[in-house]
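Engineer: sharing a model prediction with you, sequence too.
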Amino acid sequence: MKFIVSSTYLLKQLQVLGGVINSSNTLPILDNFLFDIDNNALTVSASDLETTMSSTLDIESDSKGSVAIPARLLLDTLKTFPEQPLTFTVEENNTVEISSNHGKYALAYADGAEFPKAVALEDPSSTTIAGHILATAISKTIFAAGNDDLRPVMSGVFFQFSTDNLTFVATDAHKLVKYTREDVSASQVAEFIMPKKPLTLLKGILSSSEENVTIDYNDSNAKFTFENTVLICRLIDGKYPNYEAVIPKENPNKLSIDRTQFLNSVKRVSIFSNKTTHQIRLKIAGAELNISAEDIDYSNKAEERLTCDYQGDDMQIGFNSRFLTEMLNNLSATDVQLEMSMPNRAGILTPIDGLDEGEHVTMLVMPVMLNS
Amino acid sequence: MLNDLPIRKIIHVDMDAFYASVEQLDNPELIGKPLAVGGSGTRGVVSAASYEARKFGVRSAISGVKARRLCPELIFVPPRFDRYKEISKKIRAIFLDYTDLVEPLSLDEAYLDVTENKKGNPSASLIAEEIRTRIFNEVGLTASAGISVNKFVAKIASDYNKPNGQKTVNPEEVLDFLEQLDIRKFYGIGKVTAEKMYQKGIYTGLDLKNKSLEFLEKNFGKSGTHYYYIVRGIHNSEVKPNRIRKSLAAERTFNKNLSSEVFLLEKLEHIAEEVSKRLTRSKVAGKTVTLKIKYSDFTLQTRSKTLPYFISDKSVVLETAKELLYQEKLNNSVRLLGISLSNLNTEKKIKKMEQKSVSAQLKINF
């Protein structure tokens, strides 16, 4: 078995696929890339059992067969080559020999049949969405997903498809993000929870992609197909919490403010906040927003005043500054609105401008109770 | 996530009828018999009762006379605190094999934080099981345990399968557990508060949870805030290996009610000496001296004075106590006198710790 491929072309694909491979695997075969050669088509796959990603490359070959090649070793080697054709030859003595302009390198391989097969989706439903829209939906939500092993459903992003729109939700019970696109829709209603790892991979690959992504899904798995790549992953099993019920509808106190100004003030003031609670205090009266923080242990204190547009009763509310910073950073609007009702109820952060037609973002953050 | 307080694994270990069990251990003749530790005399108080005696309604803190009436066969044993302390030490040594985060509440109760433990055992329930087995094998006494995510729930849970049992309240069960809990079982809600809650229609944790923070604060003051959080499973108080003392006291009940100031003064001197001795032993000093007077009709009076400096010396304690005694005429003959010192020079540390635990990150109520 033998094939010829461009070194940089192969490296580019392998670097993307390498993201799937865990740094330590219980199953040693998962430290490999699976090379599947079918004449002029090479399909390379990587897997962690939960997620399997494959890319198909054009090569020069007239053979068929499959081998599993150590991923780390191959990547380290390819990185060092300038662009050139490489010849891969599978030898009799269980090694793959790579010939370059410089010399020869032999890698031990495993039989391709040992590599776990990706699941085939039975009776899938299907939806197509532009790559950059999916990437935006992921990056707007994924930061809010939790890490709690005890509530696995909250460690993923909830995909909620309907014939009117697509909605993406993530929460860790302290903050929640709901991202809706009305300019795309699915042929039928569907809901599933995607784990974080495959989403992070997709976000990276698709961020600047104009290509369409086809999403196939059933109750247990989802498959993302785009360009020459297929990603299949297992879904998180369980029922997603009823997030609609916790988004408060009546929020009489509305604060509108320049996002960058607000973000910078929060960041500066939070340097002076307690190192474990990261608590900051917002005091709003009239058209003035007062942001303050204090670390009693070290007698550190900071206070800033910003002018804002405010409708409602004067109030004081505490937040974890890290949540606010994350959320404000994630938005791109010039101005944002923070809606509140009481110091012990959630605050709702929404962008005022900068959204596409049919695009909606709602962020919810739970306050910290102030002790005075 | 860093900003998320990690879920703690707290065990509350409570020895079963500790003093009485120790007596039964040391004197096998007492096994299976109703037993009360405490004074049997006219003024005696039961400090612990064996399970056999509890069947008759004999409980700690009732008077010896009443106990005798409830259970005529009741055997009274005088307390031997040194022996209890000795055994308590052995038990504490077992705790320390698992974690250094042990907070003793008294001789027979302690909180353990086993989130990170020396055995590397991820299951707090199994650790509790092991600790109880070891106490039984090495000391010969039975203990009960409650296991949960905070001290408050663990403490309630330890009562659930008492004696010689344990109860785990898993993180996902905490809210349900608290919701269905009778309001009287909440640690910190006694008879009086429970009565008040009943009047407001609060009978269970769920009723309590349905009340707003404003409502609870209006009706129960600062404790209201506390109730608001605990019923939501928020109780961030850490297991503090060195419990900081807030006050220190000594008191005496007299065999006969006293009305003569001369006799009272003599007793006061003894009490002051005891307080001073305890202060020196604990290496603390205090600013506020409180004199406690219980009259023959059981009415209680306290008088206190705060000095501008810390004191621990017997003569100064006595001087201040005397001043408080003379401050007002006694309105009856006296049954009990006590002196306590508070505002100790450890307070500063307490305040700092409290302030930290007061601010609470709220969660979305899914």
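Structural biologist: Here it is on my side, so go on. Numbers count the residues shown, from 1 in each chain, chains lettered A, B, ... in the order given.

Engineer: and residue 105, what element?
Structural biologist: Using chain A. If you go by DSSP states H and E, A:Tyr105 is part of strand A:104-108.

Engineer: try chain B instead
Structural biologist: Per DSSP H and E: strand B:102-106 holds B:Leu105.

Engineer: each with direction, which strands does the helix or strand following that strand pair with?
Structural biologist: Moving toward the C-terminus from strand B:102-106, the next helix or strand (DSSP H and E) is strand B:109-113. Looking at strand B:109-113 with DSSP bridges, its partner strands are strand B:10-15 (antiparallel), strand B:102-106 (antiparallel).

Engineer: using TSV, lay out those strands together with mean neighbour count and mean pLDDT.
Structural biologist: Quick note: C-beta positions are derived from backbone N, CA and C, even for glycine. TSV is the format used below for the strands paired with strand B:109-113 (neighbours: other Cβ atoms under 10 Å in any protein chain shown; pLDDT from 0 to 100):
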stretch	mean neighbour count	mean pLDDT
strand B:10-15	26	93
strand B:102-106	16	88
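
Engineer: what's the closest of those strands to A:Lys178?
Structural biologist: strand B:10-15 (35.1 Å; Cβ to Cβ).

Engineer: and stretch B:61-73, what's buried?
Structural biologist: For stretch B:61-73, the neighbour count (16 or more other Cβ atoms under 10 Å in any protein chain shown) marks B:Ile62, B:Gly64, B:Ala67, B:Arg68, B:Leu70, B:Cys71 as buried.

Engineer: same deal with stretch A:97-117?
Structural biologist: Under 16+ other Cβ under 10 Å, the buried positions of stretch A:97-117 are A:Ile98, A:Ser100, A:Leu107, A:Tyr109, A:Ala110, A:Gly112, A:Phe115.

Engineer: got a list of contacts for the lowest-mean-pLDDT helix or strand in chain A?
Structural biologist: Counting by mean pLDDT, DSSP states H and E, chain A has its least confident helix or strand at strand A:368-369, which shows a mean of 87. Identification of contacts with strand A:368-369 by Cβ atoms under 8 Å, 6 or more residues apart in numbering or on different chains yields A:277, A:279, A:318-320, A:343-344, B:229, B:358-362.

Engineer: mind redoing it with 10 Å?
Structural biologist: By Cβ atoms under 10 Å, 6 or more residues apart in numbering or on different chains, the residues outside strand A:368-369 that reach it are A:174, A:274, A:277-281, A:317-321, A:323, A:343-344, B:213, B:225, B:228-229, B:234, B:358-362.

Engineer: inside strands: which ones of these?
Structural biologist: Using DSSP state E, the subset of the contacts of strand A:368-369 located in strands is A:Gln279, A:Ile280, A:Arg281, A:Ile317, A:Gly318, A:Phe319, A:Asn320, B:Ala360, B:Gln361.

Engineer: rewinding a little: parallel or antiparallel, list what pairs with the strand holding A:Tyr105.
Structural biologist: Strand pairing for strand A:104-108, determined by DSSP bridges: strand A:95-99 (antiparallel).

Engineer: using PDB, write out every CA atom in the strand it pairs with.
Structural biologist: The C-alpha trace of strand A:95-99 is given here as PDB (Å, rounded to 0.1, in the frame of the first residue of the first chain):
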ATOM      1  CA  THR A  95       6.000   0.000   9.800                       C
ATOM      2  CA  VAL A  96       4.900   2.900   7.600                       C
ATOM      3  CA  GLU A  97       7.800   4.500   5.800                       C
ATOM      4  CA  ILE A  98       7.600   8.200   4.900                       C
ATOM      5  CA  SER A  99      10.000   9.400   2.200                       C
END
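
Engineer: got the contact list for it?
Structural biologist: Contacts for strand A:95-99 (Cβ under 10 Å, 6+ apart): A:1-2, A:4-5, A:7, A:35, A:67-70, A:74, A:77-78, A:81, A:85-91, A:104-109.

Engineer: just the buried residues from those, in ChimeraX please.
Structural biologist: Per 16+ other Cβ under 10 Å, the buried members of the contacts of strand A:95-99 correspond to this ChimeraX selection:
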select /A:1,5,7,35,67,68,69,70,74,77,78,81,86,88,89,90,107,109
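
Engineer: next, give phi and psi for A:Leu199.
Structural biologist: Backbone torsions for A:Leu199, taken as degrees, to the nearest 10, come to phi -70, psi -40.

Engineer: B:Arg245 against B:Ala285, yeah?
Structural biologist: No. Assessed by Cβ atoms under 10 Å, B:Arg245 is found out of contact with B:Ala285, at 11.3 Å.

Engineer: can you pull the contacts of A:His360?
Structural biologist: A:His360 sits next to A:Asn165, A:Thr167, A:Lys178, A:Tyr179, A:Thr180, A:Arg181, A:Glu182, A:Thr350, A:Pro351 when contact means Cβ under 10 Å, 6+ apart.

Engineer: which members of the residues you listed define the maximum pairwise distance?
Structural biologist: The largest separation in these, counting by Cβ to Cβ, is between A:Asn165 and A:Pro351 at 17.5 Å.

Engineer: more crowded one of those two?
Structural biologist: Set A:Asn165 next to A:Pro351 and count neighbours by other Cβ atoms under 10 Å in any protein chain shown: A:Pro351 wins out with 21 against 16.

Engineer: ok, and of the buried residues of stretch B:61-73, which contact chain A?
Structural biologist: Among the buried residues of stretch B:61-73, no residue lies close to chain A (Cβ under 10 Å from any Cβ of the partner chain).

Engineer: quick one: which of these sit in helices?
Structural biologist: Members of these lying in helices (criterion: DSSP state H): B:Gly64, B:Ala67, B:Arg68, B:Leu70.

Engineer: now stretch A:139-158: how far from the chain's centre is it?
Structural biologist: 10 Å (Cα atoms, centre = their mean, to the nearest Å).
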